[in-house]
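K.L.:
Would you be able to build a 3D model of this:
(chains A, B, C and D)
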2 protein chains.
Amino acid sequence: MNQPNPASPPRETPDEETALALRTWIALARAHNAVATRATADVARHDLTVAEFGVLEALYHKGPMLLSEVQRRILVSSGGITYLVDRLEKRGLAERRDCPGDRRARLVGLTASGEELVRRIFPEHAAVIRDALAGLGREEKRQAIRLLHALLAGAGAEPPSEAA
Amino acid sequence: MNQPNPASPPRETPDEETALALRTWIALARAHNAVATRATADVARHDLTVAEFGVLEALYHKGPMLLSEVQRRILVSSGGITYLVDRLEKRGLAERRDCPGDRRARLVGLTASGEELVRRIFPEHAAVIRDALAGLGREEKRQAIRLLHALLAGAGAEPPSEAA
DNA sequence: CACACATATCTCAGCACTGAGTTTACTTCG
DNA sequence: CGAAGTAAACTCAGTGCTGAGATATGTGTG
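P.N.:
Alright, predicted model coming up:
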């Protein structure tokens, strides 16, 4: 499955480093897809998306935050965070509050019912994630975290040129 | 960033295995997002989505295939593959052909212009991916691939019960 | 203070995709 | 052969999200 297909040899064989990078990218995408699929199915039982759950979870564990903080944390666009908080607010799970000292900004926090929901479903969800990652042993998870962090650090903020 | 927040200790502290799994999932999602962001930006220069590029790339390296084969390979829904091939066909990059021996099925293959496009942009794209993964050394990439495959194997087909 | 610029949120049109259901064709098996 | 079951592709209404631009506020400089 990974060896070059002898029936159609690519004309421009990329160097080994590049080929390895491509294979890593594919493995990353497939692994992500597998876990995301399970995570999505699990939160869907409570009529939530993964992003919505992410907001709830962040607020549960870190307390009220600026919308922009949540946005950075769960990696959605500015429009996305407004949309997500709108939905959670409509369902009575979260609420906006004014930010003392900055009238542009708004805080989001969980309502009592939001907090109760997270308390109830978070452990289940965590168990689903644990099962989804059961293919990795404890030490392997630690290795994976290390490698993924290294990958992220290298990919983080490099694109804009090298030296201004 | 990883140690428990002393200001709001979670009431139900998940066992270490679960906590590690959650951290791995977050690292996986962030790493995936970082690479996907770059990949998306790169293919957008040619007015393509990552999924469209995936189709083109698969056809380029493996030759014509059933729609359903491409679908499995690039992980989209049945509606998705129809949509993607429609778009590529409208742009003259790919074309459907009848499948000899099965009149339900259709093959997709690249047109001459599709093949030319991939030949031209694939090396650039591969280089973008290589750069995005530059945070990992050669051996680290191999380790990452191994771990991600193990993760996938463990997450693959487990959810439906344990023993029928 | 006036001006330029930065920052936080919101608006909203657009879009790539999903997934349930449909159609058509292949495959068994009696 | 006909019925039942499976499989491949397609249809299409629905959706979660993006990203450019708008609005309002904050911040720094002369």
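K.L.:
continuing past the longest helix belonging to chain A, what's the next helix or strand?
P.N.:
If you go by DSSP state H, chain A has its longest helix at helix A:16-44. Per DSSP states H and E, the first helix or strand lying C-terminal to helix A:16-44 is helix A:50-62.
K.L.:
Do that next one and DNA strand D come into contact?
P.N.:
Yes. Helix A:50-62 reaches DNA strand D (C-beta under 7 Å from any atom of the strand) through A:Val50, A:Ala51, A:Glu52. All C-beta atoms are positioned from the backbone trio N, CA, C, and that covers glycine.
K.L.:
Which neighbouring elements make contact with the next helix or strand after that helix?
P.N.:
Sequence order places strand A:65-66 as the next helix or strand after helix A:50-62, per DSSP H and E. Contact partners of strand A:65-66 among helices and strands, from 3 or more C-beta pairs under 8 Å, 6 or more residues apart in numbering or on different chains; DSSP states H and E: strand A:106-110.
K.L.:
Give me the buried stretch members for the strand it packs on, please.
P.N.:
Within strand A:106-110, the residues scored as buried using 16 or more other C-beta atoms under 10 Å in any protein chain shown are A:Arg106, A:Leu107, A:Val108, A:Leu110.
K.L.:
Can it be said to contact chain B?
P.N.:
No. Strand A:106-110 lies out of reach of chain B by C-beta under 8 Å from any C-beta of the partner chain, never closer than 11.3 Å.
K.L.:
now that strand against helix A:50-62, angle please.
P.N.:
Calculated by axes from the mean of the first three to the mean of the last three C-alpha atoms, to 10 degrees, strand A:106-110 forms an angle of 90 degrees with helix A:50-62.
K.L.:
Report the next helix or strand after strand A:106-110 in sequence order.
P.N.:
Sequence-wise, the next helix or strand downstream of strand A:106-110 (DSSP H and E) is helix A:112-132.
K.L.:
So which residues make contact with the helix or strand following that following helix?
P.N.:
Following helix A:112-132 in sequence order, the next helix or strand is helix A:138-155 (DSSP H and E). If you take C-beta atoms under 8 Å, 6 or more residues apart in numbering or on different chains as the criterion, helix A:138-155 is touched by A:133, A:136, B:16-17, B:20-21, B:23-24, B:27-28, B:30-31, B:34-35, B:38, B:132-136, B:140, B:143-144, B:147-148, B:150-151.
K.L.:
A:Gly156: how many residues sit nearby?
P.N.:
Neighbourhood size, A:Gly156 [other C-beta atoms under 10 Å in any protein chain shown]: 12.
K.L.:
swap that for A:Leu136, please
P.N.:
Residue crowding around A:Leu136 was assessed by other C-beta under 10 Å; the count is 24.
K.L.:
how near is it to A:Arg30?
P.N.:
The spacing between A:Leu136 and A:Arg30, counted by C-beta to C-beta, to the nearest Å, is 14 Å.
K.L.:
just A:Tyr83 next, same as before
P.N.:
From A:Tyr83 to A:Arg30 the distance is 28 Å (C-beta to C-beta).
K.L.:
Neighbour count: those two, which is higher?
P.N.:
A:Arg30 (17 against 14).
K.L.:
How about the more buried one: what's its closest non-neighbour residue?
P.N.:
B:Leu152 (5.5 Å; C-beta to C-beta, 6 or more residues apart in numbering or on different chains).
K.L.:
what's the answer for A:Ser77, then?
P.N.:
Per C-beta to C-beta, 6+ apart, closest to A:Ser77 is A:Gln71, 7.7 Å.
K.L.:
Need the per-residue pLDDT for A:Ala127.
P.N.:
Here, the pLDDT recorded for A:Ala127 equals 97.
K.L.:
B:Thr18 is in contact with that one, correct?
P.N.:
Yes. Using C-beta atoms under 8 Å, A:Ala127 is in contact with B:Thr18, at 6.8 Å.
K.L.:
contact partners of stretch A:14-27?
P.N.:
With contacts defined as C-beta under 8 Å, 6+ apart, stretch A:14-27 is touched by A:2, A:13, B:35, B:39, B:123, B:126-127, B:129-130, B:132-133, B:136, B:138, B:141-142, B:144-145, B:148-149, B:152.
K.L.:
Could you give the backbone dihedrals for A:Arg96?
P.N.:
With angles defined as degrees, to the nearest 10, A:Arg96 sits at phi -90, psi 150.
K.L.:
Who does it form a beta bridge with?
P.N.:
With DSSP bridges as the criterion, A:Arg96 is bridged to A:Val108.
K.L.:
Report how many residues lie close to it.
P.N.:
When neighbours are defined as other C-beta under 10 Å, A:Arg96 has 15 of them.
K.L.:
Next, the contact list for it, please.
P.N.:
Contact analysis of A:Arg96 by C-beta under 8 Å, 6+ apart lists A:Val85, A:Glu89, A:Arg106, A:Leu107, A:Val108.
K.L.:
The residue nearest to A:Arg106 when sequence neighbours are not counted and DNA strand D: what is the separation?
P.N.:
Leaving out its chain neighbours, the residue that sits closest to A:Arg106 by C-beta to C-beta, 6+ apart is A:Arg96, at 4.7 Å. For A:Arg96, the distance to DNA strand D equals 15 Å [C-beta to the nearest atom of the strand, to the nearest Å].
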